[in-house]
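>>> Need a 3D model of the following:
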Amino acid sequence: MADPIKFGTDGWRGVIARDFTFQNFRRVAQAMPDTPVGQRAALWMAETRARGGDHPTAIRLYQEVSARSPGRPTAQRAAYMLGWSLLRLRYWSEAHAAFTGLGAENPYHPSGQRLAAA
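As a prediction, this is how the structure comes out:
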C-alpha cells in the first residue's frame, strides 16, 4: 500500500521528489477530481509533461482537465496551455483552433487571441 498523502491547513505537505511525485499527483487527481486540490494536481501533471517535452501526453492531460472542470480556473489554464503544446508540435491549425476557442471569460483569452492572429 502506498504511503498516505498528508494535507495541512494550506494544502498538501511534503518534500519534492519524495512526496511530490507524478504518481502521487495522479492519486490525488483521481481520488478527488472535483476538488480544487485534485484539479490542480491534474493540471500540474499536464504542465510537468509539457515542460519535459512530452507534448502528446500533455495534450491528452490538458484535454482531460478541460473536460472535467469546464469554466474553472484549472480548465481555463489547461485550455490555453493546450494551444501551446499544439504549437510546440507544430500543429498549427489545431493550435489556432485552441486559442480562438478560448471564451471571453477565460483570463487567457486576450493572449490566446494575439497568438491566434500571429
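
>>> Show me the helices in this protein, by range?
Assigned by DSSP state H, the helices in the chain fall at 22-31, 36-51, 55-68, 73-88, 92-100, 109-117.

>>> by contact count, what packs against the third one?
Other helices and strands packing on helix 55-68, by 3 or more CB pairs under 8 Å, 6 or more residues apart in numbering; DSSP states H and E, are helix 36-51, helix 73-88. For glycine as for every other residue, the C-beta is placed from the backbone atoms N, C-alpha and C.

>>> For Q63, which non-adjacent residue is spatially closest?
L82 (6.5 Å; CB to CB, 6 or more residues apart in numbering).

>>> Over to R72?
R72 sits nearest to Q39 (CB to CB, 6+ apart), 6.3 Å away.

>>> Setting aside sequence neighbours, what's the nearest residue to the residue nearest the centre of the chain?
With distances taken as CA atoms, centre = their mean, L43 lies nearest the centre of the chain, 2.7 Å away. What sits nearest to L43 in space, not counting adjacent residues and going by CB to CB, 6+ apart, is T74, at 4.6 Å.

>>> count of neighbours near the one you found?
Other residues near T74 come to 20 when the count uses other CB atoms under 10 Å.

>>> before we move on, what about T35?
Neighbourhood size, T35 [other CB under 10 Å]: 13.

>>> Pull out the buried residues from stretch 102-118.
Buried residues in stretch 102-118, counted by 16 or more other CB atoms under 10 Å: 102, 106, 108-109, 112, 115-116.

>>> what does that stretch contact?
Residues from elsewhere that reach stretch 102-118, judged by CB atoms under 8 Å, 6 or more residues apart in numbering: 71, 73, 76-77, 79-80, 83, 87, 95-96, 98-100.
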